[in-house]
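In: Structure for the following, please:
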Amino acid sequence: VDLLFYSALFLSDGHAELANAIRRAATRGTRVRILVGNPRSTAVIARGREEGIGHDVASRVRMTLHYIDGVDQVDGVQVRGHSTTLYNSIYRFDDDMLVNAHTYGAAAVESPVLHLRRVPRGRLFDHYMKSFERVWAASAPIPSALAREETNGSH
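Out: Numbers count the residues shown, from 1 in each chain. Next up is the predicted model:
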């Protein structure tokens, strides 16, 4: 499982068991890599301005970090922060992938989601995986303290 997003708060909205689901999957041998936006990064802050919601994106990132706090203590789970401009959110599960194609000035929820499947000699799935790997290479472990920051006023 590979996940790339700024906040993907929808994953935990109404699903208080997100962290437990990640832990259970890892315990069964699933390797999970999660790339969360760094709420202090200029890219996350700019995204909030572009969507017309100010620092709410950074607040949403902090909420996600709070919900998944500690999952990286389980073998097989890695959580990193990234500060990249996010053109697409990527959610890969084995040979299936959901790509949320972001559009300027619109929230991710307002943008289309593509369902891709890895097929022999197909290139699109691998194209998005290369993008994920580039962000992974540029990312760093995210301090747990970011999840505990106050969401109003901290940037």
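In: where's the longest helix along the chain relative to the chain centroid, distance-wise?
Out: Across the chain, the helix with the greatest residue count (assigned by DSSP state H) is helix 124-138. Relative to the mean C-alpha coordinate of its chain, helix 124-138 is positioned 13 Å out (CA atoms, centre = their mean, to the nearest Å).
In: What segments of the chain are strands?
Out: 2-4, 32-37, 77-82, 88-93, 96-101, 113-117, 140-141 (DSSP state E).
In: Mean pLDDT lowest where, among those?
Out: Note on these: strand 140-141 shows the lowest mean pLDDT, a mean of 90.
In: Give the pairing partners of that strand; include direction for each.
Out: Here strand 140-141 has these sheet partners by DSSP bridges: strand 77-82 (antiparallel).
In: Report the inter-axis angle for the partner strand versus strand 32-37.
Out: Counting by axes from the mean of the first three to the mean of the last three CA atoms, to 10 degrees, strand 77-82 lies at 20 degrees to strand 32-37.
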